[in-house]
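> please find the sequence and the predicted model below.
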Amino acid sequence: MLIAAKPDNEAARLAALYELLILDTPLEERFDRIAQFAASEFDVPIVLITLLDSERQWFKARVGTDVCETGRDISFCSHAILRDDVMVVEDALQDPRFADNPLVTGAPHIRFYAGAPLTLPSGLRLGTLCLIDRRPRTLDALDLGILGTLRDLAVMELAGTEEKTDA
Amino acid sequence: MLDSHILLVEPEPMLRRTVIMTARSLGMSQVHEAASNDAALRLLRSRTFHGAVVAVDCIGRGADRQYDLGLIDRLRADDMPGKAMPIAIMAEQATAELLNALRERNISRVILKPFRARVLLETIEQFGAAPRKS
(Lines give C-alpha, C1' and ligand atoms only; values in the text may rest on other atoms or scores of the structure.)
Protein backbone atom coordinates (compact mmCIF):
# COMPACT_ATOMS: atom_id res chain seq x y z
CA MET A 1 0.00 0.00 0.00
CA LEU A 2 1.28 3.42 -0.92
CA ILE A 3 0.58 6.17 1.60
CA ALA A 4 -0.07 9.47 -0.17
CA ALA A 5 2.31 12.34 0.36
CA LYS A 6 0.86 15.43 1.96
CA PRO A 7 0.31 18.35 -0.43
CA ASP A 8 2.93 21.13 -0.44
CA ASN A 9 0.24 23.55 0.75
CA GLU A 10 -0.91 21.28 3.61
CA ALA A 11 -0.72 24.00 6.29
CA ALA A 12 -2.78 26.46 4.23
CA ARG A 13 -5.15 23.65 3.25
CA LEU A 14 -5.80 22.70 6.86
CA ALA A 15 -6.19 26.35 7.86
CA ALA A 16 -8.86 26.82 5.15
CA LEU A 17 -10.61 23.64 6.27
CA TYR A 18 -10.66 24.66 9.94
CA GLU A 19 -11.87 28.14 9.00
CA LEU A 20 -15.05 26.61 7.58
CA LEU A 21 -15.90 25.21 11.05
CA ILE A 22 -17.44 22.19 9.39
CA LEU A 23 -15.50 19.24 10.81
CA ASP A 24 -17.53 17.05 13.18
CA THR A 25 -20.74 18.96 12.50
CA PRO A 26 -24.03 17.04 12.08
CA LEU A 27 -25.22 15.68 8.75
CA GLU A 28 -26.85 18.35 6.59
CA GLU A 29 -29.55 17.87 4.00
CA ARG A 30 -27.78 20.13 1.46
CA PHE A 31 -24.81 17.76 1.33
CA ASP A 32 -26.84 14.56 1.77
CA ARG A 33 -28.92 15.56 -1.26
CA ILE A 34 -25.82 15.71 -3.46
CA ALA A 35 -24.51 12.36 -2.21
CA GLN A 36 -27.88 10.67 -2.67
CA PHE A 37 -28.26 12.08 -6.15
CA ALA A 38 -24.79 10.79 -7.08
CA ALA A 39 -25.57 7.32 -5.72
CA SER A 40 -28.71 7.14 -7.81
CA GLU A 41 -27.19 8.71 -10.93
CA PHE A 42 -24.18 6.39 -11.00
CA ASP A 43 -25.86 3.38 -9.37
CA VAL A 44 -23.07 2.94 -6.84
CA PRO A 45 -23.54 1.54 -3.32
CA ILE A 46 -21.34 4.11 -1.54
CA VAL A 47 -20.94 7.86 -2.03
CA LEU A 48 -19.00 10.11 0.32
CA ILE A 49 -18.27 13.79 0.70
CA THR A 50 -14.95 13.64 2.50
CA LEU A 51 -12.82 16.28 4.19
CA LEU A 52 -9.15 15.54 4.81
CA ASP A 53 -8.06 16.48 8.32
CA SER A 54 -4.41 16.16 9.39
CA GLU A 55 -4.62 12.47 10.33
CA ARG A 56 -8.10 11.37 9.26
CA GLN A 57 -10.69 11.69 6.55
CA TRP A 58 -14.05 12.72 7.90
CA PHE A 59 -17.33 12.31 6.02
CA LYS A 60 -19.65 15.29 5.80
CA ALA A 61 -22.14 13.21 3.81
CA ARG A 62 -22.32 9.45 3.36
CA VAL A 63 -24.52 7.03 1.50
CA GLY A 64 -24.11 3.30 2.00
CA THR A 65 -21.99 3.33 5.17
CA ASP A 66 -22.42 4.23 8.82
CA VAL A 67 -18.70 4.89 9.27
CA CYS A 68 -18.06 8.61 9.74
CA GLU A 69 -14.26 8.70 9.41
CA THR A 70 -11.17 6.60 8.65
CA GLY A 71 -7.45 7.12 9.02
CA ARG A 72 -5.94 9.38 6.38
CA ASP A 73 -3.12 6.88 5.77
CA ILE A 74 -5.50 4.33 4.24
CA SER A 75 -7.77 6.81 2.45
CA PHE A 76 -8.06 6.89 -1.34
CA CYS A 77 -9.04 10.55 -1.05
CA SER A 78 -5.62 11.55 0.26
CA HIS A 79 -4.33 10.53 -3.20
CA ALA A 80 -7.19 12.26 -5.00
CA ILE A 81 -6.51 15.66 -3.43
CA LEU A 82 -3.02 15.68 -4.95
CA ARG A 83 -4.44 16.43 -8.40
CA ASP A 84 -6.91 18.78 -10.07
CA ASP A 85 -8.82 16.24 -12.12
CA VAL A 86 -10.96 13.30 -11.03
CA MET A 87 -8.93 10.32 -9.80
CA VAL A 88 -10.42 7.08 -11.12
CA VAL A 89 -9.31 3.68 -9.86
CA GLU A 90 -11.13 1.24 -12.13
CA ASP A 91 -10.05 -1.87 -10.21
CA ALA A 92 -8.24 -1.39 -6.92
CA LEU A 93 -6.99 -5.00 -6.94
CA GLN A 94 -5.03 -4.20 -10.10
CA ASP A 95 -3.57 -0.96 -8.72
CA PRO A 96 -0.36 -1.37 -6.67
CA ARG A 97 -1.21 1.75 -4.65
CA PHE A 98 -4.36 0.13 -3.28
CA ALA A 99 -4.33 -3.65 -3.85
CA ASP A 100 -3.40 -4.44 -0.23
CA ASN A 101 -5.23 -1.46 1.30
CA PRO A 102 -7.40 -2.66 4.23
CA LEU A 103 -10.41 -0.89 2.67
CA VAL A 104 -9.88 -3.15 -0.36
CA THR A 105 -8.95 -6.41 1.36
CA GLY A 106 -11.62 -5.88 4.04
CA ALA A 107 -14.86 -3.93 4.45
CA PRO A 108 -16.15 -2.08 2.50
CA HIS A 109 -14.21 -4.10 -0.12
CA ILE A 110 -13.55 -1.23 -2.49
CA ARG A 111 -12.87 -2.24 -6.09
CA PHE A 112 -13.85 0.95 -7.92
CA TYR A 113 -13.17 4.50 -6.75
CA ALA A 114 -13.70 7.87 -8.43
CA GLY A 115 -12.85 10.97 -6.40
CA ALA A 116 -13.45 14.52 -7.58
CA PRO A 117 -11.43 16.96 -5.47
CA LEU A 118 -13.34 19.67 -3.61
CA THR A 119 -11.25 22.63 -4.72
CA LEU A 120 -11.95 26.02 -3.19
CA PRO A 121 -11.71 29.14 -5.40
CA SER A 122 -8.30 29.66 -3.73
CA GLY A 123 -7.11 26.39 -5.28
CA LEU A 124 -6.92 24.51 -1.97
CA ARG A 125 -8.33 20.98 -2.13
CA LEU A 126 -10.15 20.11 1.07
CA GLY A 127 -11.51 16.65 0.27
CA THR A 128 -13.52 14.87 -2.37
CA LEU A 129 -16.89 13.84 -3.63
CA CYS A 130 -16.24 10.17 -4.26
CA LEU A 131 -18.05 7.20 -5.75
CA ILE A 132 -17.23 3.70 -4.50
CA ASP A 133 -18.31 0.34 -5.86
CA ARG A 134 -17.53 -3.24 -4.90
CA ARG A 135 -16.98 -4.22 -8.53
CA PRO A 136 -14.64 -2.85 -11.19
CA ARG A 137 -16.10 -0.04 -13.29
CA THR A 138 -15.19 2.62 -15.80
CA LEU A 139 -16.42 6.17 -16.32
CA ASP A 140 -16.78 7.84 -19.71
CA ALA A 141 -16.50 11.54 -20.52
CA LEU A 142 -20.17 12.19 -19.81
CA ASP A 143 -19.94 10.45 -16.42
CA LEU A 144 -16.88 12.51 -15.56
CA GLY A 145 -18.75 15.67 -16.57
CA ILE A 146 -21.70 14.81 -14.33
CA LEU A 147 -19.42 13.92 -11.41
CA GLY A 148 -17.56 17.20 -11.92
CA THR A 149 -20.83 19.11 -11.76
CA LEU A 150 -21.92 17.38 -8.55
CA ARG A 151 -18.51 18.18 -7.08
CA ASP A 152 -18.98 21.84 -8.11
CA LEU A 153 -22.35 21.88 -6.34
CA ALA A 154 -20.71 20.49 -3.20
CA VAL A 155 -17.97 23.15 -3.37
CA MET A 156 -20.63 25.86 -3.75
CA GLU A 157 -22.24 24.60 -0.57
CA LEU A 158 -18.89 24.49 1.23
CA ALA A 159 -17.80 27.91 0.05
CA GLY A 160 -21.24 29.48 0.42
CA THR A 161 -21.45 30.52 -3.22
CA GLU A 162 -24.50 30.02 -5.40
CA GLU A 163 -24.75 29.91 -9.15
CA LYS A 164 -27.38 32.16 -10.69
CA THR A 165 -30.18 30.32 -12.49
CA ASP A 166 -32.89 31.67 -14.80
CA ALA A 167 -35.53 29.11 -13.78
CA MET B 1 -23.51 22.50 -30.96
CA LEU B 2 -23.47 25.71 -28.95
CA ASP B 3 -25.68 27.39 -31.57
CA SER B 4 -28.50 25.01 -30.64
CA HIS B 5 -30.87 26.11 -27.92
CA ILE B 6 -32.65 23.43 -25.96
CA LEU B 7 -35.41 23.99 -23.41
CA LEU B 8 -35.40 21.88 -20.24
CA VAL B 9 -38.55 21.99 -18.11
CA GLU B 10 -37.96 20.12 -14.86
CA PRO B 11 -39.17 21.12 -11.38
CA GLU B 12 -36.56 19.15 -9.43
CA PRO B 13 -33.67 21.61 -8.88
CA MET B 14 -30.88 19.09 -8.33
CA LEU B 15 -31.52 17.25 -11.59
CA ARG B 16 -32.11 20.46 -13.51
CA ARG B 17 -28.94 22.15 -12.31
CA THR B 18 -26.83 19.05 -12.85
CA VAL B 19 -27.97 18.84 -16.47
CA ILE B 20 -27.54 22.56 -17.14
CA MET B 21 -24.08 22.80 -15.57
CA THR B 22 -22.80 19.58 -17.18
CA ALA B 23 -24.05 20.61 -20.63
CA ARG B 24 -22.24 23.90 -20.19
CA SER B 25 -18.99 22.33 -18.97
CA LEU B 26 -18.95 19.83 -21.86
CA GLY B 27 -19.71 22.49 -24.48
CA MET B 28 -22.99 20.91 -25.49
CA SER B 29 -26.06 22.80 -26.73
CA GLN B 30 -27.13 25.86 -24.80
CA VAL B 31 -29.71 24.53 -22.38
CA HIS B 32 -32.26 26.93 -20.96
CA GLU B 33 -33.92 25.86 -17.74
CA ALA B 34 -37.43 26.31 -16.51
CA ALA B 35 -38.74 24.98 -13.21
CA SER B 36 -42.40 25.25 -14.23
CA ASN B 37 -44.68 25.51 -17.24
CA ASP B 38 -45.18 29.22 -16.55
CA ALA B 39 -41.41 29.81 -16.56
CA ALA B 40 -41.16 27.79 -19.78
CA LEU B 41 -43.83 29.93 -21.45
CA ARG B 42 -41.89 33.05 -20.52
CA LEU B 43 -38.75 31.60 -22.11
CA LEU B 44 -40.68 30.60 -25.22
CA ARG B 45 -41.64 34.23 -25.74
CA SER B 46 -38.00 35.29 -25.60
CA ARG B 47 -36.35 33.00 -28.16
CA THR B 48 -36.64 30.12 -30.62
CA PHE B 49 -35.67 26.65 -29.42
CA HIS B 50 -34.37 23.70 -31.40
CA GLY B 51 -35.54 21.00 -29.01
CA ALA B 52 -37.20 20.52 -25.64
CA VAL B 53 -37.10 18.04 -22.78
CA VAL B 54 -40.21 18.48 -20.67
CA ALA B 55 -41.31 16.82 -17.43
CA VAL B 56 -45.06 16.27 -17.45
CA ASP B 57 -47.13 15.87 -14.31
CA CYS B 58 -50.50 14.33 -13.71
CA ILE B 59 -53.48 16.55 -12.94
CA GLY B 60 -56.89 15.60 -11.62
CA ARG B 61 -57.94 12.80 -9.30
CA GLY B 62 -59.13 9.22 -9.61
CA ALA B 63 -60.55 8.34 -13.03
CA ASP B 64 -60.02 11.93 -14.20
CA ARG B 65 -56.31 11.79 -13.51
CA GLN B 66 -54.31 12.50 -16.66
CA TYR B 67 -51.03 13.98 -17.79
CA ASP B 68 -51.01 17.73 -18.32
CA LEU B 69 -49.88 18.20 -21.92
CA GLY B 70 -50.79 21.89 -22.10
CA LEU B 71 -47.19 23.00 -22.52
CA ILE B 72 -46.61 20.39 -25.24
CA ASP B 73 -49.64 21.72 -27.11
CA ARG B 74 -48.25 25.22 -26.81
CA LEU B 75 -44.86 24.08 -28.16
CA ARG B 76 -46.63 22.52 -31.14
CA ALA B 77 -48.97 25.47 -31.78
CA ASP B 78 -49.03 26.91 -35.29
CA ASP B 79 -47.84 30.32 -34.15
CA MET B 80 -44.83 28.91 -32.28
CA PRO B 81 -41.42 29.32 -33.97
CA GLY B 82 -39.76 25.90 -34.06
CA LYS B 83 -43.10 24.18 -33.67
CA ALA B 84 -41.68 21.03 -35.32
CA MET B 85 -38.70 20.79 -32.98
CA PRO B 86 -37.94 17.41 -31.40
CA ILE B 87 -39.49 17.03 -27.95
CA ALA B 88 -38.86 14.41 -25.28
CA ILE B 89 -41.11 14.11 -22.29
CA MET B 90 -40.30 12.81 -18.82
CA ALA B 91 -43.13 10.89 -17.19
CA GLU B 92 -43.60 8.68 -14.18
CA GLN B 93 -45.04 5.87 -16.27
CA ALA B 94 -46.07 5.26 -19.85
CA THR B 95 -49.78 4.51 -20.08
CA ALA B 96 -51.43 3.58 -23.37
CA GLU B 97 -53.46 6.76 -23.09
CA LEU B 98 -50.33 8.87 -22.70
CA LEU B 99 -48.54 7.18 -25.59
CA ASN B 100 -51.53 7.79 -27.87
CA ALA B 101 -51.67 11.43 -26.83
CA LEU B 102 -47.94 11.80 -27.52
CA ARG B 103 -48.20 10.12 -30.90
CA GLU B 104 -50.86 12.65 -31.89
CA ARG B 105 -48.40 15.39 -30.92
CA ASN B 106 -45.53 13.86 -32.89
CA ILE B 107 -43.48 13.02 -29.80
CA SER B 108 -41.44 9.88 -30.12
CA ARG B 109 -39.23 9.99 -27.04
CA VAL B 110 -40.47 9.25 -23.52
CA ILE B 111 -38.06 9.17 -20.57
CA LEU B 112 -39.36 7.21 -17.62
CA LYS B 113 -38.42 7.28 -13.93
CA PRO B 114 -35.86 7.07 -12.43
CA PHE B 115 -34.72 10.15 -14.28
CA ARG B 116 -30.96 10.28 -14.75
CA ALA B 117 -28.96 13.33 -15.77
CA ARG B 118 -27.05 11.12 -18.20
CA VAL B 119 -30.19 10.20 -20.16
CA LEU B 120 -31.32 13.82 -20.34
CA LEU B 121 -27.87 14.94 -21.51
CA GLU B 122 -27.75 12.25 -24.19
CA THR B 123 -31.17 13.40 -25.40
CA ILE B 124 -30.07 17.02 -25.44
CA GLU B 125 -26.94 16.09 -27.39
CA GLN B 126 -29.04 14.26 -29.99
CA PHE B 127 -31.47 17.17 -30.30
CA GLY B 128 -28.59 19.61 -30.69
CA ALA B 129 -27.11 17.53 -33.50
CA ALA B 130 -30.42 16.91 -35.28
CA PRO B 131 -31.15 18.65 -38.62
CA ARG B 132 -33.27 21.75 -38.04
CA LYS B 133 -36.95 21.78 -38.94
CA SER B 134 -38.97 24.97 -39.04
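Yep, it's here. Numbers count the residues shown, from 1 in each chain, chains lettered A, B, ... in the order given.
> so the residue positioned nearest the centre of chain B, which state does it fall into?
Note on chain B: the residue nearest the mean C-alpha position is B:Val53, at 1.9 Å, using C-alpha atoms, centre = their mean. The three-state assignment at B:Val53 reads strand, by DSSP: H, G, I helix; E, B strand; the rest coil.
> can you tell me how far it is from B:Ala117?
11 Å (C-beta to C-beta, to the nearest Å). C-beta: built from backbone N, CA, C; applies to glycine.
> what about the lowest-mean-pLDDT helix or strand in chain B, distance to the chain center?
Using mean pLDDT, DSSP states H and E, strand B:58-59 stands out as the lowest-scoring helix or strand of chain B, at a mean of 80. On the basis of C-alpha atoms, centre = their mean, to the nearest Å, strand B:58-59 sits 17 Å off its chain's mean C-alpha point.
> need the contact partners of it.
Contact partners of strand B:58-59, identified using C-beta atoms under 8 Å, 6 or more residues apart in numbering or on different chains, comprise B:65-68, B:92.
> wait, isn't A:Leu126 in contact with A:Ala159?
No: taking contacts as C-beta atoms under 8 Å, A:Leu126 lies outside contact range of A:Ala159: 9.6 Å.
> more neighbours: these two, which one.
A:Leu126 (23 against 16; other C-beta atoms under 10 Å in any protein chain shown).
> A:Val63 contacts A:Arg33, correct?
No: counting by C-beta under 8 Å, A:Val63 stays clear of A:Arg33, with 10.6 Å between them.
> those two: which has the busier surroundings?
The neighbour count for A:Val63 versus A:Arg33, taken as other C-beta under 10 Å, is higher for A:Val63 (21 against 15).
> centroid-nearest residue for chain A?
A:Thr128 (2.6 Å).
> report the beta-bridge partners for that residue.
Counting by DSSP bridges, A:Thr128 forms beta bridges with A:Thr50, A:Pro117.
> the one 5 residues further on now?
Here A:Asp133 shows beta-bridge partners A:Phe112, assigned using DSSP bridges.
> from chain B, how far off is it?
To chain B, A:Asp133 is 16 Å away according to C-beta to the nearest C-beta, to the nearest Å.
> do A:Ala114 as well
Distance, A:Ala114 to chain B, by C-beta to the nearest C-beta: 14 Å.
> SS state for that residue?
strand.
> helices or strands next to the top helix by length along chain A in the packing?
Longest helix in chain A, counting residues (DSSP state H): helix A:141-159. Helix A:141-159 sits against helix A:29-42, strand A:112-119, strand A:125-133, helix B:13-25, helix B:117-129, with contacts defined as 3 or more C-beta pairs under 8 Å, 6 or more residues apart in numbering or on different chains; DSSP states H and E.
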